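S.K.: Sequence plus predicted model, see below.
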Amino acid sequence: MALELEGTLKQKLGVQSGTSARGQWAKQEFVLEFPDGNFTSQACFTAFGQDKVAEVEKYQVGDKVKVSFNLRSREYNGRWYNDLQMWRIAPAGGVPVEQTAPSAPAVPAYEAPSPTLDDMPGDSPEDDLPF
């Protein structure tokens, strides 16, 4: 299940890394503070993989971000644990952090003229529909 949440980057925890049977791995957890009705809530996300950790490093505590993530749950010894696995992080405004060049000017949209009475079809004897 893919979800998105916007909020303020509250805290970045340290990068953890190691070696497994598949090779090197890295992960970083961070806390996002987001509005929840009349109050604010916090959620801890996991960025797994060196490329995801590098994405998180682009942002500072206090930045407004939008996090896209998957919600995972797993059972261990009769207890269930939830994991919010980030797969994308972007500024809350939708503009990437590294984008500094001005965008191309917008092309004006074509607007069709409004129809007039001359554009309406006339009554014909073959048209026997009541509407």
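M.R.: The structure has been received and is ready for your questions.
S.K.: all strands in the protein, in order from the N-terminus.
M.R.: Applying DSSP state E to the chain gives strands spanning 2-20, 23-36, 39-48, 64-76, 79-91.
S.K.: Below-threshold pLDDT in this structure: ranges please.
M.R.: Applying pLDDT under 70 to the chain flags residues 1, 94-115, 117-131.
S.K.: ok, 50 please
M.R.: 99-102 (pLDDT under 50).
S.K.: Distance from the chain centre to stretch 25-32, please.
M.R.: 17 Å (Cα atoms, centre = their mean, to the nearest Å).
S.K.: Over to stretch 38-56?
M.R.: The answer for stretch 38-56 is 12 Å, by Cα atoms, centre = their mean.
S.K.: Over to stretch 61-78?
M.R.: Using Cα atoms, centre = their mean, the offset of stretch 61-78 from its chain centre is 13 Å.
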